[in-house]
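1. Quick one, what's the 3D model for this:
(2 chains)
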Amino acid sequence: MRIAVTGLGATSPLGGDVASNWSALIEGRSGIKTLTDPWVDEMTVHFAGVLAEEPPLDRVEARKLDRSQQVALVAAREAWADAGSPEVDPLRMGTVIGSGIGGFLTLLNAYDTLKERGPSRISPHTVPMLMPSGPAAAVGHEFHAAAGVHAPVSACASGAEAIGVAARMIVDGRADVVLAGGTETPIHQLTMAGFAAMRALSTRNDDPQGASRPYDVGRDGFVMGEGAGVLVLESEEHAKARGARIYAYVVGAGMTADAHHIAQPDPEGKGARRAILAALEQADASPDDVAHINAHATSTPQGDVAEAVAIRSAMGNAQPLVTGTKSMTGHMLGAAGAIEGIYTVLALHHRLVPATLNLHEQDPEVDIDVVRGAPRELPAGDLLALNNSFGFGGHDVAIAFRTA
Amino acid sequence: MSQEILDGLAVIVNEVAGVPVADIQPDKSFIDDLDIDSLSMVEVVMAAEDKWGVKIPDSEVKNLRTVGDAVAYIEKSTA
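-> Numbering: from 1, shown residues only, chains lettered A, B, ... in the order given. Take a look at the predicted model:
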């Protein structure tokens, strides 16, 4: 597999575009904030990663789109412009945008309307706004993607799975160009209460920016975040024929499952290990070729160790530079895999790995080389990097990227 | 024709579809001139029902081809 990455777009708690995301990562800035919503006081968790910039859409456009669709469109437009807004035959153009939850904000608002004002007052836009394929459909419609529009739903692996499904569309000959990404806008009292009930969220309310601390001994859960990331994937032939700038190549997409527990990770990380090895096999590469891993690293006590075990067991003696960028963004659930895919591509492109924030004392059970304190440079030459994404339900995805 | 209803309807159509208020004239077709799709038309109808306290059944909506048709229907219903 060798699919060109020719455009990038992102909006997250770190910034409203890719450039501001990258500078925040390199400077080690957190995007986590104390929430000011009126419902926060009765919650055990008072903070989250809120978008740095509200989606810049006009009023008429925004009212027909769920927030998860809005941010997906913002990221897709940036990615498309970044790729040079190519002319593509709609029959050769695809879209794959995943989401973990989808348009539940629309669903809840509509339910409020139903109870307060009755069924005749439900907006005709309700269904296209709340369906999990809504973001993929909105992006696919805007960019005339007639080869196929897909919406992988695999919890917090959705965004990475989207990259894998999109790459397969091109490998299988269904499309030349695919907009691939993930979107999630989960910040709401109900979602936060649900994750808090699982004891999955950090409750470090006195230090929100210190709360997401992957691999640190003091970690106590993840920090919820919102955002979207979209990559333009393109067949190498199509990209070269039009003289496109190529950031990196997608060279493998390992997609497996734990079949262990509905929410807990397999403590031995067996599914994650198989995903990593599958991605490497597709890349025709060995563990020694891996220079960098953008880890899933959500900052949960169990998940970080399971992933570290999986990485160590898959990598043998190799020591790739591992980073956990959720330390700055929080966990953007179904968007995380796509945005972190972009971060992985940028790390290869700039040959620089951002440091993991808030890692003061590494958990002794974590036997991997985690970048901390300051970014570290990657060597010259042909390099491979992995982006890991896992999800409740036991979803395991590893995407392999290679330098251009 | 009631200018007041025309003005009110223009505000609604602008709110729903972003069409400039000045373009919303009695002879304009919702679909052909103002690019209002079937879903947005439902929104216009709902907002008009709320604003004037009238009921516009689906069987009538298909007869409301132009802005003038809608103004006339609302005027008749509120008379």
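2. What separation do you get for the closest residue to chain B within the stretch 1-150 of chain A and B:Pro20?
-> Closest to chain B within the stretch 1-150 of chain A is A:Val60: 3.4 Å, counting by CB to the nearest CB. Quick note: C-beta positions are derived from backbone N, CA and C, even for glycine. Noted for A:Val60: a distance of 11 Å to B:Pro20, by CB to CB, to the nearest Å.
3. okay, those two: which has more neighbours?
-> Neighbours were counted for A:Val60 and for B:Pro20 using other CB atoms under 10 Å in any protein chain shown; A:Val60 has more, 14 against 10.
4. contacting residues around the residue in chain B positioned nearest to chain A?
-> Proximity of chain B to chain A (CB to the nearest CB) peaks at B:Gly18, 3.4 Å away. By CB atoms under 8 Å, 6 or more residues apart in numbering or on different chains, the contact set of B:Gly18 is A:Asp58, A:Arg59, A:Val60, A:Glu61.
5. and if you look at A:Ala151?
-> A:Val96, A:Ile97, A:Gly98, A:Ser99, A:Pro132, A:Ser133, A:Pro135, A:Ala136, A:Ala137, A:Ala162.
6. ok, 10 Å please
-> Going by CB atoms under 10 Å, 6 or more residues apart in numbering or on different chains, A:Ala151 touches A:95-99, A:102, A:131-137, A:140, A:158, A:162, A:165, A:182-183, A:334.
7. Return the subset of these lying in helices.
-> Those of these mapping onto helices are A:Gly134, A:Pro135, A:Ala136, A:Ala137, A:Gly140, A:Ser158, A:Ala162, A:Val165, per DSSP state H.
8. Just give the nearest non-adjacent residue to the second one, would you?
-> Right, the one you point to is A:Pro135. A:Ala72 (3.8 Å; CB to CB, 6 or more residues apart in numbering or on different chains).
9. before we move on, what about the last one?
-> Counting by CB to CB, 6+ apart, A:Val165 lies nearest to A:Val96, which is 4.9 Å off, once chain neighbours are set aside.
10. For that neighbour, list each beta-bridge partner.
-> On the basis of DSSP bridges, A:Val96 is bridged to A:His150, A:Ala180.
11. any shared contact partners between A:Val60 and B:Pro20?
-> In contact with both A:Val60 and B:Pro20: B:Asn14, using CB under 10 Å, 6+ apart.
12. Of the ones in helices among the contacts of A:Ala151, select the buried ones using a ChimeraX command.
-> This is the ChimeraX syntax for the buried subset of the ones in helices among the contacts of A:Ala151, where burial follows 16 or more other CB atoms under 10 Å in any protein chain shown:
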select /A:134,135,136,137,140,158,162,165
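13. Pull up the residues of the stretch 101-250 of chain A that are close to chain B.
-> By CB under 10 Å from any CB of the partner chain, the residues of the stretch 101-250 of chain A that approach chain B are A:Arg117, A:Ser120, A:Arg121, A:Ile122, A:Ser123, A:Pro124, A:His125, A:Thr126, A:Val127, A:Pro128.
14. buried subset of those residues?
-> Counted by 16+ other CB under 10 Å, those give A:Ile122, A:Ser123, A:Pro124, A:His125, A:Thr126, A:Pro128 as buried.
15. pretty sure the third one contacts B:Ala47?
-> No. In this structure, A:Pro124 sits apart from B:Ala47 without contact. The criterion is CB atoms under 10 Å, and the distance is 11.6 Å.
16. For chain A, which element, helix or strand, carries the lowest mean pLDDT?
-> When the helices and strands of chain A are scored by mean pLDDT, DSSP states H and E, helix A:59-62 comes last with a mean of 92.
17. Could you give the separation of that helix from the chain centroid?
-> 26 Å (CA atoms, centre = their mean, to the nearest Å).
18. Contacts for that helix, please.
-> Taking CB under 10 Å, 6+ apart as the rule, helix A:59-62 contacts A:54-56, A:69-70, A:73, A:138, B:14-19, B:40.
19. And A:Met315, how far from chain B?
-> Distance, A:Met315 to chain B, by CB to the nearest CB, to the nearest Å: 52 Å.
20. got a list of what that residue touches?
-> With contact set as CB under 10 Å, 6+ apart, A:Met315 has these partners: A:273, A:276-277, A:280, A:286-288, A:290, A:293, A:322, A:368-369, A:386.
21. same thing but 6 Å
-> A:Pro287 (CB atoms under 6 Å, 6 or more residues apart in numbering or on different chains).
22. For whatever residue of the stretch 201-350 of chain A ends up closest to chain B, what are phi and psi?
-> For the stretch 201-350 of chain A, the residue closest to chain B is A:Ala228, as judged by CB to the nearest CB, at 23.4 Å. The phi/psi pair for A:Ala228 (degrees, to the nearest 10) reads phi -150, psi 150.
23. Look at it and say how many residues are nearby.
-> 36.
24. A:Thr183 is in contact with that one, correct?
-> Yes. Between A:Ala228 and A:Thr183 there is a contact at 3.8 Å, judged by CB atoms under 6 Å.
25. which neighbours do the two share?
-> Taking CB under 6 Å, 6+ apart as the contact rule, A:Ala228 and A:Thr183 both touch A:Val71, A:Ala72, A:Ala335.
26. Could you look up the SS state of the first one?
-> Think A:Val71. helix (DSSP: H, G, I helix; E, B strand; the rest coil).
27. and the residue nearest to it when sequence neighbours are not counted, what is it in contact with?
-> Take A:Val71 and drop its neighbours on the chain: the residue closest to it by CB to CB, 6+ apart is A:Ala228, 3.9 Å away. Shown in contact with A:Ala228 (CB under 6 Å, 6+ apart): A:Thr11, A:Val71, A:Ala72, A:Ala75, A:Thr183, A:Ala335.
28. A:Ala228 and A:Gly164, how far apart?
-> Going from A:Ala228 to A:Gly164 by CB to CB gives 18 Å.
29. and what of A:Thr126?
-> Using CB to CB, we find A:Thr126 at a distance of 31 Å from A:Gly164.
30. Just give the number of residues close to residue 3.
-> Went with chain A since none was named. Using other CB under 10 Å: A:Ile3 sits among 26 other residues.
31. That was the other one, I meant chain B.
-> Counted by other CB under 10 Å, the residues lying close to B:Gln3 total 8.
32. for A:Asp284, same thing?
-> Other residues close to A:Asp284 by other CB under 10 Å number 12.
33. ok so, going back, could you pull out the buried residues of the least confident helix or strand of chain A?
-> A:Ala62.
34. got the CA coordinates for it in CSV?
-> This file holds the C-alpha atoms of helix A:59-62, laid out as CSV (Å, rounded to 0.1, in the frame of the first residue of the first chain):
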residue,chain,number,x,y,z
ARG,A,59,-25.8,31.3,10.0
VAL,A,60,-27.9,29.7,7.3
GLU,A,61,-25.4,27.0,6.7
ALA,A,62,-24.8,26.3,10.4
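35. Name the residues of chain B found near chain A, please.
-> B:Gly18, B:Leu39, B:Val42 (CB under 6 Å from any CB of the partner chain).
36. how close does the first one get to A:Leu179?
-> Going from B:Gly18 to A:Leu179 by CB to CB gives 25 Å.
37. Show the contacting residues for residue 13.
-> Unless you meant another one, I'm taking chain A. A:Gly31, A:Gly49, A:Val50, A:Ala52, A:Gly225, A:Thr329.
38. Oops, wrong one, chain B.
-> B:Val13 touches B:Val19, B:Ile24, B:Val44, counting by CB under 6 Å, 6+ apart.
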